[in-house]
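Peer 1: predicted model and sequence follow; I will ask about them next.
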Amino acid sequence: MEQAVTLSINPDNPQIRLIRQVVEQLRQDGVICYPTDTGYGIGCDIFNQKAVKRIYQIKQRPKDKPFSFMCADLKDLSRYCYVSNTAYRLMKKNLPGAYTFILPTMKIVPKILITRQKTVGIRVPDNAICRALIEELGNPILTTSAATIDEGKTLTEVYEIEERLGRQLDCIIDGGSVYPFPSTIISLLNDEIEILRQGKGDTANFE
(Lines give C-alpha, C1' and ligand atoms only; values in the text may rest on other atoms or scores of the structure.)
Protein backbone atom coordinates (compact mmCIF):
# COMPACT_ATOMS: atom_id res chain seq x y z
CA MET A 1 0.00 0.00 0.00
CA GLU A 2 1.18 3.54 -0.79
CA GLN A 3 2.07 6.10 1.87
CA ALA A 4 -0.94 8.00 3.26
CA VAL A 5 -1.60 11.57 2.14
CA THR A 6 -1.01 14.10 4.98
CA LEU A 7 -3.19 17.22 5.14
CA SER A 8 -2.63 20.12 7.57
CA ILE A 9 -5.99 21.26 8.90
CA ASN A 10 -6.52 24.20 11.26
CA PRO A 11 -7.67 22.74 14.63
CA ASP A 12 -9.70 25.84 15.53
CA ASN A 13 -11.11 26.68 12.12
CA PRO A 14 -11.05 23.56 9.90
CA GLN A 15 -10.89 24.44 6.18
CA ILE A 16 -14.05 22.98 4.61
CA ARG A 17 -12.22 22.24 1.33
CA LEU A 18 -9.78 19.97 3.18
CA ILE A 19 -12.52 18.40 5.32
CA ARG A 20 -14.34 17.47 2.09
CA GLN A 21 -11.14 15.94 0.72
CA VAL A 22 -10.85 13.67 3.79
CA VAL A 23 -14.56 12.78 3.67
CA GLU A 24 -14.09 11.74 0.02
CA GLN A 25 -11.48 9.25 1.26
CA LEU A 26 -13.87 7.98 3.95
CA ARG A 27 -16.55 7.39 1.31
CA GLN A 28 -14.08 5.30 -0.71
CA ASP A 29 -13.36 2.72 2.04
CA GLY A 30 -10.74 5.04 3.53
CA VAL A 31 -9.07 4.65 6.92
CA ILE A 32 -7.78 7.92 8.36
CA CYS A 33 -5.78 9.26 11.30
CA TYR A 34 -7.10 12.44 12.91
CA PRO A 35 -6.70 14.55 16.07
CA THR A 36 -9.25 14.27 18.88
CA ASP A 37 -9.42 15.91 22.32
CA THR A 38 -7.73 12.80 23.79
CA GLY A 39 -4.92 12.29 21.26
CA TYR A 40 -4.64 11.10 17.67
CA GLY A 41 -7.13 8.48 16.59
CA ILE A 42 -7.62 6.04 13.72
CA GLY A 43 -11.08 5.83 12.20
CA CYS A 44 -13.47 5.26 9.31
CA ASP A 45 -17.18 5.51 8.50
CA ILE A 46 -18.88 3.02 10.88
CA PHE A 47 -21.10 1.82 8.02
CA ASN A 48 -18.16 0.94 5.79
CA GLN A 49 -17.62 -2.73 6.60
CA LYS A 50 -14.44 -3.04 4.55
CA ALA A 51 -12.79 -0.10 6.32
CA VAL A 52 -13.95 -1.28 9.78
CA LYS A 53 -12.37 -4.70 9.12
CA ARG A 54 -9.12 -2.99 8.08
CA ILE A 55 -8.97 -1.19 11.45
CA TYR A 56 -9.46 -4.48 13.31
CA GLN A 57 -6.47 -5.80 11.33
CA ILE A 58 -4.33 -2.69 11.93
CA LYS A 59 -5.00 -2.88 15.68
CA GLN A 60 -4.91 -6.71 15.74
CA ARG A 61 -8.03 -6.56 17.84
CA PRO A 62 -10.35 -9.54 18.45
CA LYS A 63 -13.78 -9.15 16.80
CA ASP A 64 -15.54 -9.58 20.16
CA LYS A 65 -14.01 -6.32 21.42
CA PRO A 66 -16.02 -3.57 19.71
CA PHE A 67 -14.55 -0.13 19.04
CA SER A 68 -16.25 3.08 20.19
CA PHE A 69 -17.45 5.68 17.72
CA MET A 70 -17.94 9.44 17.59
CA CYS A 71 -20.98 11.57 16.83
CA ALA A 72 -21.15 15.28 16.00
CA ASP A 73 -23.46 16.28 18.85
CA LEU A 74 -26.02 14.98 21.35
CA LYS A 75 -28.87 15.06 18.81
CA ASP A 76 -26.76 12.96 16.42
CA LEU A 77 -25.81 10.56 19.25
CA SER A 78 -29.46 9.85 20.09
CA ARG A 79 -29.92 8.27 16.63
CA TYR A 80 -27.56 5.44 17.57
CA CYS A 81 -28.37 4.65 21.19
CA TYR A 82 -31.22 4.89 23.69
CA VAL A 83 -30.89 8.06 25.77
CA SER A 84 -33.10 8.35 28.86
CA ASN A 85 -34.05 11.76 30.27
CA THR A 86 -31.49 11.35 33.07
CA ALA A 87 -28.71 10.36 30.64
CA TYR A 88 -29.65 13.26 28.34
CA ARG A 89 -29.40 15.82 31.16
CA LEU A 90 -26.01 14.50 32.29
CA MET A 91 -24.59 14.37 28.79
CA LYS A 92 -25.94 17.80 27.84
CA LYS A 93 -23.97 19.32 30.74
CA ASN A 94 -20.72 17.57 29.79
CA LEU A 95 -20.62 17.31 25.99
CA PRO A 96 -18.69 17.90 23.86
CA GLY A 97 -15.92 16.51 26.07
CA ALA A 98 -13.43 13.78 26.84
CA TYR A 99 -15.99 11.10 27.72
CA THR A 100 -17.00 7.74 26.28
CA PHE A 101 -20.54 6.84 27.34
CA ILE A 102 -21.77 3.24 27.46
CA LEU A 103 -25.42 3.14 26.41
CA PRO A 104 -27.97 0.65 25.02
CA THR A 105 -27.66 0.46 21.24
CA MET A 106 -30.18 1.10 18.49
CA LYS A 107 -30.51 -1.48 15.69
CA ILE A 108 -29.01 0.95 13.16
CA VAL A 109 -25.48 0.37 14.57
CA PRO A 110 -23.46 -2.32 12.71
CA LYS A 111 -23.25 -5.57 14.75
CA ILE A 112 -19.44 -5.52 14.80
CA LEU A 113 -19.58 -2.38 17.03
CA ILE A 114 -22.13 -3.79 19.51
CA THR A 115 -21.18 -5.69 22.68
CA ARG A 116 -22.83 -8.94 23.74
CA GLN A 117 -24.79 -6.87 26.26
CA LYS A 118 -26.24 -4.85 23.31
CA THR A 119 -24.38 -1.68 24.30
CA VAL A 120 -22.12 0.76 22.47
CA GLY A 121 -19.33 3.14 23.47
CA ILE A 122 -20.08 6.57 22.07
CA ARG A 123 -18.30 9.95 22.08
CA VAL A 124 -18.91 13.60 21.18
CA PRO A 125 -15.34 14.93 21.20
CA ASP A 126 -14.35 18.49 22.01
CA ASN A 127 -12.49 18.83 18.72
CA ALA A 128 -13.60 20.97 15.78
CA ILE A 129 -11.89 18.79 13.13
CA CYS A 130 -13.67 15.61 14.34
CA ARG A 131 -17.07 17.24 14.44
CA ALA A 132 -16.60 18.85 11.00
CA LEU A 133 -15.69 15.45 9.51
CA ILE A 134 -18.74 13.72 11.04
CA GLU A 135 -21.09 16.51 9.94
CA GLU A 136 -19.76 16.50 6.37
CA LEU A 137 -19.80 12.68 6.16
CA GLY A 138 -23.28 12.39 7.70
CA ASN A 139 -22.30 9.22 9.62
CA PRO A 140 -20.43 8.56 12.88
CA ILE A 141 -16.70 7.79 12.73
CA LEU A 142 -15.09 4.82 14.48
CA THR A 143 -12.44 5.84 17.00
CA THR A 144 -9.40 4.03 18.40
CA SER A 145 -6.03 5.40 19.51
CA ALA A 146 -3.18 5.73 17.01
CA ALA A 147 -0.85 3.26 18.69
CA THR A 148 1.79 0.79 17.54
CA ILE A 149 0.89 -2.85 18.14
CA ASP A 150 4.43 -4.09 18.72
CA GLU A 151 5.35 -1.53 21.40
CA GLY A 152 1.87 -0.49 22.53
CA LYS A 153 3.05 3.12 22.20
CA THR A 154 0.51 5.86 21.55
CA LEU A 155 1.80 8.10 18.77
CA THR A 156 1.59 11.82 19.51
CA GLU A 157 3.38 13.49 16.60
CA VAL A 158 2.35 13.39 12.95
CA TYR A 159 5.85 12.44 11.75
CA GLU A 160 5.73 9.34 14.03
CA ILE A 161 2.29 8.40 12.66
CA GLU A 162 3.56 8.80 9.08
CA GLU A 163 6.62 6.67 9.87
CA ARG A 164 4.89 3.87 11.81
CA LEU A 165 1.38 3.69 10.34
CA GLY A 166 1.57 5.67 7.08
CA ARG A 167 1.41 2.62 4.80
CA GLN A 168 -1.68 1.23 6.54
CA LEU A 169 -3.70 4.44 6.26
CA ASP A 170 -5.16 6.47 3.39
CA CYS A 171 -5.02 9.91 4.96
CA ILE A 172 -3.42 11.56 7.99
CA ILE A 173 -4.72 14.87 9.30
CA ASP A 174 -2.09 17.09 10.86
CA GLY A 175 -3.95 19.12 13.47
CA GLY A 176 -0.92 19.96 15.60
CA SER A 177 0.40 18.19 18.70
CA VAL A 178 -2.21 16.58 20.95
CA TYR A 179 -1.11 15.09 24.25
CA PRO A 180 -2.65 11.61 24.57
CA PHE A 181 -4.89 11.29 27.61
CA PRO A 182 -7.66 8.64 27.34
CA SER A 183 -11.30 9.56 27.69
CA THR A 184 -13.22 8.91 30.91
CA ILE A 185 -15.55 5.93 30.38
CA ILE A 186 -18.96 6.22 32.04
CA SER A 187 -21.76 3.64 31.92
CA LEU A 188 -25.25 5.17 32.01
CA LEU A 189 -27.10 1.85 31.70
CA ASN A 190 -30.44 1.65 33.59
CA ASP A 191 -29.89 5.27 34.72
CA GLU A 192 -27.10 4.14 37.02
CA ILE A 193 -23.86 6.10 36.80
CA GLU A 194 -20.80 3.87 36.86
CA ILE A 195 -17.34 5.28 36.19
CA LEU A 196 -15.47 2.46 34.43
CA ARG A 197 -12.26 4.40 33.74
CA GLN A 198 -11.09 7.74 35.06
CA GLY A 199 -9.47 9.62 32.20
CA LYS A 200 -9.30 13.19 30.95
CA GLY A 201 -13.01 14.01 31.50
CA ASP A 202 -13.84 15.39 34.96
CA THR A 203 -16.17 13.04 36.90
CA ALA A 204 -17.30 15.62 39.52
CA ASN A 205 -20.66 16.11 37.75
CA PHE A 206 -21.34 12.35 37.78
CA GLU A 207 -20.61 11.59 41.45
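Peer 2: Happy to help now that I have it.
Peer 1: element containing the closest residue to residue 115 other than its chain neighbours, please.
Peer 2: Nearest residue to residue 115, sequence neighbours excluded (CB to CB, 6 or more residues apart in numbering): residue 66, at 5.7 Å. No exception for glycine: its C-beta is placed from N, CA and C like everyone else's. Taking DSSP states H and E as the definition, residue 66 sits outside all helices and strands.
Peer 1: isn't residue 66 up against residue 112?
Peer 2: Yes. With contact defined as CB atoms under 8 Å, residue 66 reaches residue 112; the gap is 6.6 Å.
Peer 1: centroid-nearest residue for this structure?
Peer 2: By CA atoms, centre = their mean, the chain has its centre lying nearest to residue 143, at 2.7 Å.
Peer 1: part of a strand, is it?
Peer 2: Yes. Residue 143 forms part of a strand when assessed by DSSP: H, G, I helix; E, B strand; the rest coil.
Peer 1: contacting residues for it?
Peer 2: 36, 41, 42, 43, 67, 68, 69, 70, 123, 125 (CB atoms under 8 Å, 6 or more residues apart in numbering).
Peer 1: quick check: pLDDT value at the second one.
Peer 2: The one in question is residue 41. Per-residue pLDDT puts residue 41 at 96.
Peer 1: okay, and the beta partners of it?
Peer 2: For residue 41, the beta-bridge partners under DSSP bridges are residue 34, residue 145.
Peer 1: quick one: it and residue 34 touch, right?
Peer 2: Yes. Under the criterion of CB under 8 Å, residue 41 makes contact with residue 34 at 5.9 Å.
Peer 1: separation between the residue nearest to the centre of the chain and residue 205?
Peer 2: Taking CB to CB, to the nearest Å as the measure, residue 143 falls 22 Å from residue 205.
Peer 1: is the closest residue to residue 105 other than its chain neighbours in a helix, a strand, or coil?
Peer 2: Distances taken as CB to CB, 6+ apart put residue 120 closest to residue 105, at 4.5 Å, once the chain neighbours are dropped. Secondary structure for residue 120, judged by three-state DSSP, is strand.
Peer 1: tell me the pLDDT at residue 120?
Peer 2: At residue 120, the predicted lDDT confidence score is 98.
Peer 1: count the residues that sit near it.
Peer 2: 25 (other CB atoms under 10 Å).
Peer 1: is it in a bridge, and if so with what?
Peer 2: Here residue 120, judged by DSSP bridges, has bridge partners residue 103.
Peer 1: so who does it touch?
Peer 2: By CB under 8 Å, 6+ apart, the contact list for residue 120 reads 66, 68, 69, 80, 81, 102, 103, 105, 109, 113, 114.
Peer 1: sounds good, over and out.
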